[in-house]
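1. Quick check, what structure comes out for this input:
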Amino acid sequence: MLRNIPVNMQGYKLMVTEAPQEKTREKDGVQEFVKNREGVQQFVVSLFAKRRVQPGEFPGKGEEIKVTLTADPGEGFEEGVYVQLIDATVSHWENDNGSGLAFKANGLAPANAQIPAAA
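-> Prediction:
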């Protein structure tokens, strides 16, 4: 299965629709915080993604995506703020309930910020 494929989201406008919060899951009827293998708390943010159009192109529809963040993104990413993802990846998942794509990023930055290239 393909995992953690780098994805370039620069061709999209990304607007926060639900501010980042600690990621949780239900286990045995109890909500628990999600941590990575090293024990670091994971976060999740909901974004509305819409392709940037060039003159003469049809704008098309956007889609809401949930992105797991590998670290606390900090303050300033409330609903309505335009952002970009730092080192975004996508993975395919599949289980008895269906399949889909899971987005992950190392963080968020304001839409107009300069982000250094990944090493």
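
2. Tell me where this protein has helices.
-> Using DSSP state H, the chain contains no helices.

3. The longest strand seen in it: partners in the sheet, and parallel or antiparallel?
-> For the chain, the longest strand by residue count, based on DSSP state E, is strand 12-22. According to DSSP bridges, strand 12-22 forms sheet pairs with strand 43-51 (antiparallel), strand 82-86 (antiparallel).

4. residues in contact with that strand?
-> With Cβ atoms under 8 Å, 6 or more residues apart in numbering as the test, strand 12-22 has contacts from 33-34, 41-52, 62, 64, 69, 72-73, 77-85, 108, 111. In this view, the C-beta of every residue, glycine as well, is placed from N, C-alpha and C.

5. again, but for stretch 105-115
-> Residues contacting stretch 105-115 (Cβ under 8 Å, 6+ apart): 13-14, 20, 45, 67-71, 73, 76-77, 81-89.

6. mind running it again at 6 Å?
-> 67, 69-71, 73, 77, 82-88 (Cβ atoms under 6 Å, 6 or more residues apart in numbering).
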